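S.K.: sequence plus the predicted model coming up.
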Amino acid sequence: MPPGLYTVTVKFRGHEAKATVKVQADPRSQNREADWQQRWAAINRGGALQEAAAEAIERIGRIRTDVDAAVAKAKLAVEKKEKEKEKEQIRDQGKEASSPLAAAAEKLGKQLDEIEKRLWNRPDAKGILPPDDVADQIGIAFGAITGQWDPPSPTQLEALRQAGDKLEKVLGDFNRFCATELAAFRQRVAEAKAELLAEEPPITVAKPGS
């Protein structure tokens with residue numbers, strides 16, 4: 001945060017208190033006012049990128065959990081309905097009723113995997129993983145900027161810009177996936193009367209001042 005006077009507001013259980021604090025510059029720094037503002041703008045940008053990437057990662061996890069639960073619920077509904085029929089009918093019709101949703105869920109999971117690999121290297125992920133996932137690039141660029149008092153260098157700003165462009169591309173693909181493939185799967189889930197998937201708004205990177 002740049003040096004200056006700030007109003008701090010604390011809220012707790014219906015109570016609110018305000019106070020003015022003064023942030024002093026590090027006496028070792030040679031930064032001018034414009035330098036502090038440039039550094040702060042870059043920090044805000046990096047923080048917004050990190051928040052958007054984290055939200056996408058968390059949402060992918062929620063989608064996976066909901067998809068698995070929806071398939072399980074649909075399978076239980078089929079089994080309950082088919083228990084009233086003969087054993088041979090249960091075996092044959094149960095497979096026919098439950099497999100389409102399970103197959104769609106498997107396809108959806110693979111599409112999620114491809115998007116998630118571009119975002120970050122999940123701890124339990126297997127196979128060959130990309131060394132330059134977006135979350136790592138954002139973290140490296142953000143760490144370089146926050147690890148010094150000086151204003152960000154052109155190289156650091158360019159690294160942050162490139163990471164932001166890649167994140168915007170991944171978020172665009174993820175939002176389209178949610179609006180198309182996930183929406184179609186949600187409809188299948190509703191038809192199977194196992195509705196669990198909640199529709200969520202597209203993910204965007206917060207703009208300064210928002």
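M.R.: Cool, the structure landed.

S.K.: now stretch 112-121, how far from the chain's geometric center?
M.R.: In terms of C-alpha atoms, centre = their mean, to the nearest Å, the centre of stretch 112-121 is found 10 Å from the chain centre.

S.K.: what does stretch 187-196 give?
M.R.: When distances are taken as C-alpha atoms, centre = their mean, stretch 187-196 is centred 24 Å away from the chain's centroid.

S.K.: what lies in contact with that stretch?
M.R.: Where contact means C-beta atoms under 8 Å, 6 or more residues apart in numbering, the residues beyond stretch 187-196 that reach it are D66, A69, A70, V71, K73, A74, A77, P100, L101, A104, R186, L197. (C-beta placed from N, C-alpha, C; glycine too.)

S.K.: check which helix or strand the residue nearest the centre of the chain maps to.
M.R.: Nearest to the mean C-alpha position of the chain, counting by C-alpha atoms, centre = their mean, stands A56 at 1.2 Å. Using DSSP states H and E, A56 falls within helix 33-82.

S.K.: now stretch 16-34: buried residues?
M.R.: N31 (16 or more other C-beta atoms under 10 Å).

S.K.: now stretch 50-60
M.R.: Residues of stretch 50-60 classed as buried: Q50, A52, A53, A56, I60 (neighbour count, 16+ other C-beta under 10 Å).

S.K.: where's the third one relative to A41, distance?
M.R.: Read that as A53. Distance, A53 to A41, by C-beta to C-beta, to the nearest Å: 19 Å.

S.K.: now do the second one
M.R.: For A52, the distance to A41 under the criterion C-beta to C-beta works out to 17 Å.

S.K.: please apply the same query to E168.
M.R.: Computed with C-beta to C-beta, the distance linking E168 and A41 is 18 Å.

S.K.: again with Q111
M.R.: Here the criterion is C-beta to C-beta. By it, Q111 lies 36 Å from A41.

S.K.: before we move on, what about Q148?
M.R.: 15 Å.

S.K.: which of the two has more residues huddled nearby?
M.R.: A41 (15 against 12; other C-beta atoms under 10 Å).

S.K.: my guess is that one contacts L160, does it?
M.R.: No. Using C-beta atoms under 8 Å as the test, A41 is too far from L160 to be in contact (10.4 Å).
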